[in-house]
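Trainee: 3D, please:
(chains A, B, C and D)
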There are 2 protein chains.
Amino acid sequence: MDATSADSAPRDGEPHPGGKLTRERMLACALEMVDREGIDKLSMRGLARALGRDPMSLYRHAANKADLLDGVAETVLAELTVDPNDTDWVAQLRAVARQFRRIALSHPHVVPLLVTRPLATPLALRPRGTLRPLEDILALLTQAGFSGADALHIYRALFGFLHGHILNELQEIVENPEETDDLLRLGLHRLPIHEFPNLRGLASVLASYDGASELERGLDILLAGLPTATTSAT
Amino acid sequence: MDATSADSAPRDGEPHPGGKLTRERMLACALEMVDREGIDKLSMRGLARALGRDPMSLYRHAANKADLLDGVAETVLAELTVDPNDTDWVAQLRAVARQFRRIALSHPHVVPLLVTRPLATPLALRPRGTLRPLEDILALLTQAGFSGADALHIYRALFGFLHGHILNELQEIVENPEETDDLLRLGLHRLPIHEFPNLRGLASVLASYDGASELERGLDILLAGLPTATTSAT
DNA sequence: TCCCGTAGACCTACGGTGTAGACACCAGTC
DNA sequence: GACTGGTGTCTACACCGTAGGTCTACGGGA
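Mentor: Numbering: from 1, shown residues only, chains lettered A, B, ... in the order given. Here you go, the predicted model:
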């Protein structure tokens, strides 16, 4: 009675294409959907449809929708790797920053989750994968000679800046990409001239935003200023 | 037949307590609900209930729910005032930063809206009240001698930092406020010791976070570093 | 005076949502 | 064989955002 399938199909003709459903597969599929259609198009039912399962199956692997979203954020953040043994802490932080930017830009729809979910959960209850970069950066900085308090301070300054920067960068949305005139491209002609003279005058500058170099300039300022604001090390 | 009410009641006995519904009243009520119960407890139907109207009435004053949320964010941001004629631009930016922090802390549930809504809308289509601070700060900085490009750069750096800072500060959630031991207060005892030694060791530092002074230190670094990163003025 | 346009409020209804609760099935272990 | 715990499924409930249509009051020409 059974078809060509391996030992995973229970009885009917191939009900579940790829064997058992795991949390990882569920999260991967959810991430893919979010990347494609944005965060509020993700529904439990839609996700189940994409996986070919019953919607209620998902609740075996996530307590509720919030938990699923936490999982998606954790999946993305897991791409971030920190080397706590790097002896050049400045270089390592720069590397982390660039990595973070790259990850955020490749999952723009997840960014609201990344910056927003921690507001709802006490630190110790957050997904473990979310705390990993924090722990590793603390290790990096204490090995570099900073006190725990200063290390924490630097972590906060760095990620505060990173979150702010990425929110800035993702706001650069062009309204009419095919238009050549910057004012029209950005839709700024809609603003009344006498109320927003400065803003309208900056069309060309707005249009030429360069996120990568903006990040570097910010890092320059931050990393130059940090040691003097703490009891400096090395 | 009519009761004590003023000239606003049409016929039945006092159908609408306070006269006609306006966008301002609707937004004020929405803001109050969000402040009280958080953002995802706000529904059109619930809001209508609180206002004593039919749910569909709200659509006379907001195109849809997203527009309503934009309105709430705009209402909050309207509390922010910038004096573009201040001759001391550094002091003025500091004042704006402190104001922003105060506003954000008094409406913590709106913060996700403040940092997140702009990601969905091109700059020129955002609510006007949202663009006001930008325009005013550009005016302030160009009057101080900065080029338009540098002014925009400084605005971005400031608000990037502010958003990052406030997201940081609002993450400080105490799990068991009545507990005296910091480790238990923050729930850090739940983390495995061998996986998160540094983080667990920082319980006391985490518990004594001071947002106000953190903001000031960040501003010191930022405002000291900015002029050298641009073609400095005054 | 009549007429008409418009703005505000309301009602109904549709197709979606998250998820509680109960039940069926299976693999292992005693 | 009986029991147990993880997994999948089905049904059902309460709620959501909002399209479409209707009723009423009001203001301004004609």
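
Trainee: list the buried residues for the lengthiest helix in chain A?
Mentor: Assignment by DSSP state H gives helix A:148-170 as the longest helix of chain A. Residues of helix A:148-170 classed as buried: A:148, A:150-170 (neighbour count, 16 or more other CB atoms under 10 Å in any protein chain shown). The way it works is simple: take the backbone N, C-alpha and C, and place the C-beta from them, glycine included.

Trainee: from these, which are also near DNA strand C?
Mentor: Of the residues in the buried residues of helix A:148-170, proximity to DNA strand C by CB under 7 Å from any atom of the strand holds for none.

Trainee: burial of A:Met33, as a residue count?
Mentor: The local packing of A:Met33 (other CB atoms under 10 Å in any protein chain shown) involves 19 other residues.

Trainee: apart from its neighbours in sequence, what residue is nearest it?
Mentor: Closest residue to A:Met33 apart from its sequence neighbours, by CB to CB, 6 or more residues apart in numbering or on different chains: A:Leu42 at 5.4 Å.

Trainee: contacting residues for that neighbour?
Mentor: A:Ala30, A:Met33, A:Val34 (CB atoms under 8 Å, 6 or more residues apart in numbering or on different chains).

Trainee: the strand or helix carrying the first one packs against which elements?
Mentor: Mapping A:Ala30 onto the secondary structure by DSSP states H and E places it in helix A:23-37. In terms of contact count using 3 or more CB pairs under 8 Å, 6 or more residues apart in numbering or on different chains; DSSP states H and E, helix A:23-37 is assigned the packing partners helix A:44-51, helix A:65-77.

Trainee: how about the ones you listed in a markdown table, adding distance to DNA strand C and mean pLDDT?
Mentor: What follows is those, written out as a markdown table (distance: least, CB to the nearest atom of the strand, whole Å; pLDDT from 0 to 100):
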| stretch | distance to DNA strand C | mean pLDDT |
| --- | --- | --- |
| helix A:44-51 | 3 | 95 |
| helix A:65-77 | 4 | 97 |
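
Trainee: just say which of these is most tucked in.
Mentor: Burial of the helices and strands packed on helix A:23-37 is given as mean neighbour count (mean count of other CB atoms under 10 Å in any protein chain shown); helix A:65-77 ranks first at a mean of 20.

Trainee: check whether it comes near chain B.
Mentor: No. Helix A:65-77 is not in contact with chain B by CB under 8 Å from any CB of the partner chain; minimum separation 9.4 Å.

Trainee: now do that helix: everything it contacts.
Mentor: Against helix A:65-77 from outside (CB under 8 Å, 6+ apart): A:23, A:26-28, A:30-31, A:34, A:39, A:44, A:47, A:58, A:62, A:103, A:107, A:110, A:113-114, A:117, A:120-121, A:126-130, A:133.

Trainee: now do 7 Å
Mentor: A:27, A:30-31, A:34, A:44, A:62, A:103, A:107, A:110, A:113-114, A:117, A:127, A:129-130, A:133 (CB atoms under 7 Å, 6 or more residues apart in numbering or on different chains).

Trainee: now for these, which pair is the farthest apart?
Mentor: A:Met44 and A:Pro133 (28.8 Å; CB to CB).

Trainee: rewinding a little: let me know the closest of the contacts of A:Leu42 to DNA strand D.
Mentor: The nearest member of the contacts of A:Leu42 to DNA strand D, counting by CB to the nearest atom of the strand, is A:Ala30 at 14.7 Å.

Trainee: now do the closest one: how many residues are near it, please.
Mentor: 23.

Trainee: tell me the contacts of it?
Mentor: A:Ala30 neighbours (CB under 7 Å, 6+ apart): A:Leu42, A:Leu47, A:Leu68, A:Val72.

Trainee: likewise A:Ile166?
Mentor: A:Arg101, A:Ala104, A:Val111.

Trainee: from DNA strand D, how far out is the first one?
Mentor: In this structure, A:Arg101 lies at 33 Å from DNA strand D, with CB to the nearest atom of the strand, to the nearest Å as the measure.

Trainee: now neighbour count and secondary structure too, for the contacts of A:Ile166, in CSV please.
Mentor: What follows is the contacts of A:Ile166, written out as CSV (neighbours: other CB atoms under 10 Å in any protein chain shown; DSSP: H, G, I helix; E, B strand; the rest coil):
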residue, neighbour count, secondary structure
A:Arg101, 18, helix
A:Ala104, 23, helix
A:Val111, 23, helix
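
Trainee: tell me which parts of chain A are close to DNA strand D?
Mentor: A:Pro15, A:His16, A:Lys20, A:Leu21, A:Arg53, A:Asp54, A:Met56, A:Ser57, A:Tyr59, A:Arg60, A:His61.

Trainee: count of residues packed around the fifth one?
Mentor: Other residues near A:Arg53 come to 16 when the count uses other CB under 10 Å.

Trainee: which among the contacts of helix A:65-77 gets closest to DNA strand C?
Mentor: A:Met44 (3.5 Å).

Trainee: the closest one - nearest residue in space that isn't next to it in sequence?
Mentor: A:Pro55 (5.3 Å).

Trainee: what about stretch A:174-190, start to end distance?
Mentor: Distance between the boundary residues of stretch A:174-190 (CA to CA, to the nearest Å) amounts to 14 Å.

Trainee: where's it relative to the chain centroid, distance-wise?
Mentor: 28 Å (CA atoms, centre = their mean, to the nearest Å).

Trainee: in it, which residues are buried?
Mentor: Going by 16+ other CB under 10 Å, stretch A:174-190 has these buried residues: A:Glu175, A:Asp182, A:Leu183, A:Arg185, A:Leu186, A:Gly187, A:Leu188.
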